[in-house]
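# Got a sequence here, can you build the structure:
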Amino acid sequence: MELRQLRYFVTLADTRNFHRAAERLNMSQPPLTVAIRKLEEELGTSLFDRGTRGVTLTAAGRAALEIARATLAQADRFRDAVREGAMGERGRLRVGFVGSATFDLLPRIIPEYRRLYPLVELVLEEATSVDIARRLAAGELDVGLVRLPLMEVAAVVIQPVDQDEMHAALLEGHPLADAASVSLDRLAEDPFILQGRISVLHSTTLKACHEAGFVPHVAQEAAQLSAVLALVRSGLGVALVPSRAARSVPQGVRLVRLARRVPIETGVAVPRDSVSPLARNFAAIAIDIE
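Residues are numbered from 1 along each chain as shown. Model prediction:
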């Protein structure tokens, strides 16, 4: 039994006339007559009673009609799902992101992505840039938002999508907390709180301090940027964080612009060898978003 035969059966049941059914199906009547007869032979029973004024469903035909309609509808939904999947309009998208992307970038991307692709299930996972790149290469993630530059070579393609700069996170009461800007070398005697060594922000901070002429005394390291800010609030030291973190700075902490700009970038990363339509659509929005 083929879907084509079921479509013929339902159309004939609706029109109750071979000629009208053939017209609706854009075919001639003889092939339709033959197809219905072969279907009945295959099923071993008549589906229609033939008369001079047309056809009527037999008891078997009436029992099968709604199931035939449901089967055709399910087949149509299957075709739609295949098409939507091929276009990246349906499916499950696994997105890796660095914590700092939650301050501004993700809140700009997600609503637009949801608007354009409401049938896609989003799975969001926070991780470091290096971990995201490794998992993309391993096929465990589909797309990622990572800090640049990436700390190690990975089988991914990265497009910069967001520019920012580092600010000094200082506890209220620090002598420089109310300054319009601060020269980084004026923090040389302060203990520093850094993100873990695997974080791009860790190496960015060390490089900025080195260029300012000192090696920072690292008092504490934390895995997440939110934890870094919490430790600053606790009075354990100062930190360099993205300026966009201002939206999530805890009470009692000030962000102060650096006199010498320390730029940082975020990029959207996809696997080098196999990019799904879902990931391609997400990356396109991340690149175009303003």
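
# Run through who's touching stretch 192-208.
Contacts of stretch 192-208 with the rest of the structure, by CB atoms under 8 Å, 6 or more residues apart in numbering, involve 98, 100, 128-131, 146-151, 166, 184, 209, 216-225, 228, 231-232, 236-242, 258, 262, 264. The way it works is simple: take the backbone N, C-alpha and C, and place the C-beta from them, glycine included.

# Select the longest helix from this structure.
helix 59-86 (DSSP state H).

# ok, residue 48 to residue 279 distance?
When distance is defined by CB to CB, to the nearest Å, residue 48 is 51 Å away from residue 279.

# For the two, work out which one has more neighbours and name it.
A direct count of neighbours by other CB atoms under 10 Å for residue 48 and residue 279 places residue 279 higher, at 23 against 20.

# contacting residues for the more buried one?
88, 93, 142, 143, 270, 271 are the contacts of residue 279 under CB under 8 Å, 6+ apart.

# Now, those that are in strands?
Counting by DSSP state E, the contacts of residue 279 place 93, 143, 270, 271 in strands.

# Which ChimeraX command selects the buried ones in those residues?
Applying 16 or more other CB atoms under 10 Å to these, the buried members can be selected in ChimeraX as follows:
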select :93,143,270,271
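
# Could I get the ones in strands among the contacts of residue 279 in TSV, plus columns for distance to residue 107?
Shown next, in TSV, are the ones in strands among the contacts of residue 279 (distance: CB to CB, whole Å):
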residue	distance to residue 107
93	17
143	17
270	21
271	25
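
# Report the two of the ones in strands among the contacts of residue 279 separated the most.
Pairwise distances across the ones in strands among the contacts of residue 279 (CB to CB) peak at 13.1 Å, for the pair 93 and 271.

# for the stretch 1-150 of the chain, what are the low-confidence residue spans?
84 (pLDDT under 70).

# Start from the N-terminal end of it and give the strands.
For the stretch 1-150 of the chain, the strands defined by DSSP state E, counting those that start in this stretch occupy 48-51, 54-57, 91-97, 120-126, 143-148.

# Tell me which of the ones you listed is the most buried.
strand 143-148 (a mean of 26; mean count of other CB atoms under 10 Å).

# Which other helices and strands does that strand contact?
strand 91-97, helix 129-137, strand 156-171, helix 200-211, strand 263-271, helix 277-288 (3 or more CB pairs under 8 Å, 6 or more residues apart in numbering; DSSP states H and E).

# Show residues contacting it.
93-98, 100-101, 105-106, 129, 132-133, 135-136, 156, 158, 160-161, 199-201, 264-270, 278-279, 282-283, 286.

# Each with direction, which strands does it pair with?
strand 91-97 (parallel), strand 263-271 (antiparallel) (DSSP bridges).

# okay if I get the ones you listed as JSON lines plus distance to residue 20?
Shown next, in JSON lines, are these (distance: least, CB to CB, whole Å):
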{"stretch": "strand 91-97", "distance to residue 20": "41"}
{"stretch": "strand 263-271", "distance to residue 20": "52"}
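
# Out of the ones you listed, flag the one nearest residue 174.
The nearest among these, by CB to CB, is strand 263-271 at 22.5 Å.

# Which of the contacts of stretch 192-208 are buried, as a ChimeraX select command?
Entered in ChimeraX, the line below selects the buried ones among those, by 16+ other CB under 10 Å:
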select :98,100,128,129,130,131,146,147,148,150,151,166,184,209,216,220,221,222,224,225,228,231,232,236,237,238,239,240,241,242,258,262,264
